[in-house]
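1. Would you be able to build a 3D model of this:
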Amino acid sequence: MVEHDLSTSGDVIERMAEVARAAIQEFEFGEGSTVELLNVSENATFLVRNNAGEKAILRVHRLGYHTTHEIESELDWMEALRLEASVRTPKVFASIDGRRVVSIREPRMDNERQCVMFEFLDGDAPQEQDLESFEQLGSLTARMHQHARNWSMPKHFSRFHWDLDSAFGSNCRWGRWQDGLGVGIEEKRILRRLEETLRNRLLLFGKSSDRYGLIHADTRLANLLVTPFGVSVIDFDDCGFSWYLYDLATAVSFFEDSPQVPELIDRWLQGYRSVAVLPEEDEQEIWTFILFRRLLLVAWIGSHGAAEIAQELGASYTVRSCELAERYLGDVR
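-> Have a look, this model is predicted:
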């Protein structure tokens with residue numbers, strides 16, 4: 001399991017703010033630049049302002065999740081999507097000496113944190129009940145998938161996989177679902193059956209190039225910015241290789257049990273099919289991917305107890321996951 005170092009303790013936040021203040025000195029963003037913490041989840045995100053009122057976004061990375069080379073690969077795809085597929089992604093600011101990824105030693109610690117400065121994009125995240133935004137998300141996702149299928153990746157492009165091994169293997173990326181909040185004997189029984197079923201169905205589904213490739217891997221509505229002029233996609237930090245339908249599953253993260261999800265899926269599919277083909281046999285496995293993501297999130301909540309959303313959802317997310325699992329397992333018999 002990868003070490004997750006972020007917490008909401010004041011000391012950690014202050015050290016990351018010091019990293020951010022040091023990092024902006026590496027960029028020609030303007031005199032009087034200041035940083036203001038926007039949020040802490042996996043990484044810490046800061047709003048940067050200069051004396052001219054211009055804004056940018058600075059991302060200070062968690063420890064031990066990505067190498068600098070992997071972050072460079074993320075930025076390569078973001079740029080290619082913007083230039084080649086008309087997908088609006090934030091531009092990346094280069095440092096004074098031309099680096100896109102700047103490493104800053106963390107105060108009072110024996111490590112460095114990677115930092116990236118992005119263009120500030122206007123817009124608001126759509127609401128869960130916004131059907132039109134889900135249709136836009138479907139078409140946008142299809143454009144990203146089409147680009148990924150046809151893109152000539154840079155020779156040294158490197159991103160991780162969201163597959164069975166990363167979810168359930170000996171070095172599962174977000175930890176073990178067995179260590180999730182509220183996972184007792186009965187919950188383990190149900191979720192173990194779910195994992196076994198997911199494994200079998202995804203092995204049968206396979207990883208052919210029409211089903212598996214480079215994806216965003218976190219297309220939650222929080223990572224969309226809607227304006228009257230279009231939709232922007234942000235936060236490619238988890239982008240990597242997985243099944244294309246995993247992107248749909250991530251779109252309903254944390255509210256998979258909402259009664260509106262089937263209608264949201266329908267609108268996403270309308271948008272997707274307006275751009276690209278999605279075979280009916282693939283569509284039959286949508287809930288397999290939703291439950292796959294849900295089980296990953298049970299593990300994530302267990303290993304990210306300091307995150308605000310993990311505290312908010314807590315053990316109740318596991319309880320509702322078991323209810324979803326029972327329903328799914330009954331349907332796929």
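2. contacting residues for the residue most central in space within the chain?
-> Residue closest to the average C-alpha location in the chain (CA atoms, centre = their mean): Asp218, at 2.9 Å. With contacts defined as CB atoms under 8 Å, 6 or more residues apart in numbering, Asp218 is in contact with 235-239, 250, 253. Bear in mind the C-beta positions are built from the backbone N, C-alpha and C, glycine included.
3. okay, those residues in JSON lines with neighbour count and secondary structure next?
-> Shown next, in JSON lines, are the contacts of Asp218 (neighbours: other CB atoms under 10 Å; DSSP: H, G, I helix; E, B strand; the rest coil):
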{"residue": "Asp235", "neighbour count": "23", "secondary structure": "coil"}
{"residue": "Phe236", "neighbour count": "23", "secondary structure": "coil"}
{"residue": "Asp237", "neighbour count": "21", "secondary structure": "coil"}
{"residue": "Asp238", "neighbour count": "21", "secondary structure": "coil"}
{"residue": "Cys239", "neighbour count": "24", "secondary structure": "coil"}
{"residue": "Thr250", "neighbour count": "23", "secondary structure": "helix"}
{"residue": "Ser253", "neighbour count": "19", "secondary structure": "coil"}
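4. which of the residues you listed lies closest to Pro259?
-> Nearest to Pro259 out of the contacts of Asp218 is Ser253 (CB to CB; 16.6 Å).
5. can you give me the strands for this structure?
-> 34-40, 44-49, 55-60, 92-93, 102-105, 112-119, 212-215, 224-227, 230-233, 240-243 (DSSP state E).
6. Turn the ones you listed into JSON lines, columns for mean pLDDT, mean neighbour count and distance to Arg273.
-> Listed next are the strands of the chain as JSON lines, based on pLDDT from 0 to 100; neighbours: other CB atoms under 10 Å; distance: least, CB to CB, whole Å:
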{"stretch": "strand 34-40", "mean pLDDT": "92", "mean neighbour count": "15", "distance to Arg273": "34"}
{"stretch": "strand 44-49", "mean pLDDT": "96", "mean neighbour count": "21", "distance to Arg273": "34"}
{"stretch": "strand 55-60", "mean pLDDT": "97", "mean neighbour count": "22", "distance to Arg273": "33"}
{"stretch": "strand 92-93", "mean pLDDT": "96", "mean neighbour count": "18", "distance to Arg273": "32"}
{"stretch": "strand 102-105", "mean pLDDT": "96", "mean neighbour count": "18", "distance to Arg273": "42"}
{"stretch": "strand 112-119", "mean pLDDT": "97", "mean neighbour count": "22", "distance to Arg273": "31"}
{"stretch": "strand 212-215", "mean pLDDT": "98", "mean neighbour count": "20", "distance to Arg273": "17"}
{"stretch": "strand 224-227", "mean pLDDT": "88", "mean neighbour count": "18", "distance to Arg273": "19"}
{"stretch": "strand 230-233", "mean pLDDT": "86", "mean neighbour count": "18", "distance to Arg273": "18"}
{"stretch": "strand 240-243", "mean pLDDT": "98", "mean neighbour count": "23", "distance to Arg273": "17"}
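7. What's the mean pLDDT across stretch 163-181?
-> Mean pLDDT, computed over stretch 163-181, is 95.
8. What residue spans form the domains of this structure?
-> Following automatic domain parsing, the chain resolves into domains at 10-119, 131-331.
9. Just put these in JSON lines and tack on distance to Ala125.
-> Shown next, in JSON lines, are the domains of the chain (distance: least, CB to CB, whole Å):
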{"stretch": "domain 10-119", "distance to Ala125": "12"}
{"stretch": "domain 131-331", "distance to Ala125": "5"}
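10. circling back: adding distance to Glu128, write the strands of the chain out as CSV.
-> Shown next, in CSV, are the strands of the chain (distance: least, CB to CB, whole Å):
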stretch, distance to Glu128
strand 34-40, 19
strand 44-49, 22
strand 55-60, 24
strand 92-93, 30
strand 102-105, 36
strand 112-119, 25
strand 212-215, 21
strand 224-227, 12
strand 230-233, 16
strand 240-243, 23
